[in-house]
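predicted model follows, preceded by the sequence.
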Amino acid sequence: MNAENLILNGDFSEGKKHWQIREPNPKAKAEFRDGYCHVEWGALVSQTVELDIGTYRLSFESLFQEDSDSYVNLALEMTGYRQELKIQRGNDYSRTEIEFKVTEVADGKKDWFSLGLNGHQAGGKFRKIKLVQIS
């Protein structure tokens, strides 16, 4: 069991370091500052990490003050797990937490976990992203 955060720069204290950014149109934008990432108009910020077999907990906080189709996407390549978490509108940060299991690895190695922060319409902020192994 590993209590350290497996997401690199999950507090965005190092700006965009360790994050891949996709801005598919001229309006899409991803900004990093003051410990958060703001995504809007189709911007995607993602990170992929290798995980051992076990149970994991992902947590993050989000602040989206307007209705949007924004979501967080989780995927495990070998295990075949896919989850889309719709982000709800609110006037303050809300915490989301989800547990999942890695059950398959490639050739006795690791599974690939992908996390995507997707901002649509006016978008919003993500912060305090943490992934830990709990068993």
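Received the coordinates, thanks.

low-confidence ranges, the protein, go.
1-2 (pLDDT under 70).

spatially central residue for it, please.
What sits nearest the mean C-alpha location of the chain, by CA atoms, centre = their mean, is Leu115, with 4.2 Å.

so what's that one up against?
Leu115 is in contact with Ile7, Ser46, Gln47, Thr48, Val49, Leu58, Val72, Asn73, Leu74, Ile129, Leu131, counting by CB atoms under 8 Å, 6 or more residues apart in numbering. For glycine as for every other residue, the C-beta is placed from the backbone atoms N, C-alpha and C.

against Glu61, how distant is the third one?
For Gln47, the distance to Glu61 equals 16 Å [CB to CB, to the nearest Å].

pairing partners for the helix or strand where the residue nearest to the centre of the chain lies, with directions?
If you go by DSSP states H and E, Leu115 is part of strand 111-119. Paired neighbours of strand 111-119 in the sheet (DSSP bridges): strand 43-51 (antiparallel), strand 71-76 (antiparallel).

would you mark the buried spots in the longest one?
Buried residues in strand 43-51, defined by neighbour count with 16 or more other CB atoms under 10 Å: Ala43, Leu44, Val45, Gln47, Leu51.

in three-state terms, label the residue located most distally from the centre of the chain for me.
Centroid-distance maximum for the chain: Asp107 at 26.3 Å, with CA atoms, centre = their mean. Judged by DSSP: H, G, I helix; E, B strand; the rest coil, the three-state class of Asp107 is coil.

who are the neighbours in contact with it?
Under the criterion of CB under 8 Å, 6+ apart, Asp107 has no neighbours.

check Thr79 too.
Lys101, Val102, Thr103, Glu104, Asp111.
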